[in-house]
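> Sequence first, predicted coordinates after that:
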Amino acid sequence: MKNFFLAIYISFFLFTTASVSWAEPSFFIQTLTNNFIDWFFGKVDGYITNETSEEGMEQEKEASTEKDQPETERISEKNLVMRNDLYYKKFTNLPFSGLVESYHENGQLKTIGQIINGKKNALWEKYYSNGRQKSIGHYRMGIKEGSWKYYFLNSNLKEEEFYKNGEKHGLWKTFDPQGSLLKTESYKLGELLITTFN
């Protein structure tokens, strides 16, 4: 029975694959390994006799649990598009989930963050091409949350902002490139309460 299926499989493989010919047996041998053949015919024999071994069942369970825990995908920002306030990997219709990493042309890290179900989430950091930090802050499912800091190219603090549920909240500070405080604004859930200039 195995010989019959092997003959059918080899014939099908040889006649449907244009790059394989009788003159290229080494490619054919590399493609079909002993482990694959043993696995394939073990499955065929199991289905024909309607018997499953305990070992086969354990292997299937392990494979299914591995599928349940997908690897975190890493992608560049330039390979994402935004539709209806969600990020998608280009040429797909499923909201992207995974890590986002982008680099400047000189190889320095530009952006790093996480997207879950198409929305920015957790810590997001941006950097200048010289490697110094440009901004740092947190998102909660696409909404800015907590402290956000922006820096000048000389690493001095440019702005410090606070958000609560995506709304401006608390004390916001603006600095000049030398580090002197220029302006302070106080917000309560998006409403400006007072502005002070120094």
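Ah, there it is.
> Helices along the chain, start to end?
Assigned by DSSP state H, the helices in the chain fall at 2-16, 25-31, 34-49, 54-68.
> all strands for this protein, in order.
In the chain, strands defined by DSSP state E lie at 74-75, 80-83, 86-89, 98-103, 109-116, 119-127, 133-140, 143-151, 157-164, 167-168, 170-175, 181-188, 191-197, listed in chain order.
> So this structure: which segments form each domain?
Segmentation of the chain into domains, based on automatic domain parsing, reads 2-68, 74-197.
> Return the member of those having the minimum mean pLDDT.
Mean pLDDT per stretch puts domain 2-68 lowest among the domains of the chain, at a mean of 54.
> so what's the residue nearest to Lys119 when sequence neighbours are not counted up against?
With Cβ to Cβ, 6 or more residues apart in numbering as the criterion, Lys119 has its nearest non-adjacent residue at 3.4 Å, and that residue is Gly142. (C-beta placed from N, C-alpha, C; glycine too.) For Gly142, the contacting residues are 85, 118-121, by Cβ atoms under 8 Å, 6 or more residues apart in numbering.
> 10 Å - rerun?
Applying Cβ atoms under 10 Å, 6 or more residues apart in numbering, we find Gly142 in contact with 85-87, 115-121, 166.
> just the buried members of these?
Neighbour counting by 16 or more other Cβ atoms under 10 Å classes 87, 115-116, 118-121 among the contacts of Gly142 as buried.
> Mind putting those into JSON lines with distance to Phe152?
As requested, the buried ones among the contacts of Gly142 are exported to JSON lines (distance: Cβ to Cβ, whole Å):
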{"residue": "Tyr87", "distance to Phe152": "28"}
{"residue": "Ile115", "distance to Phe152": "28"}
{"residue": "Ile116", "distance to Phe152": "31"}
{"residue": "Gly118", "distance to Phe152": "32"}
{"residue": "Lys119", "distance to Phe152": "29"}
{"residue": "Lys120", "distance to Phe152": "24"}
{"residue": "Asn121", "distance to Phe152": "27"}
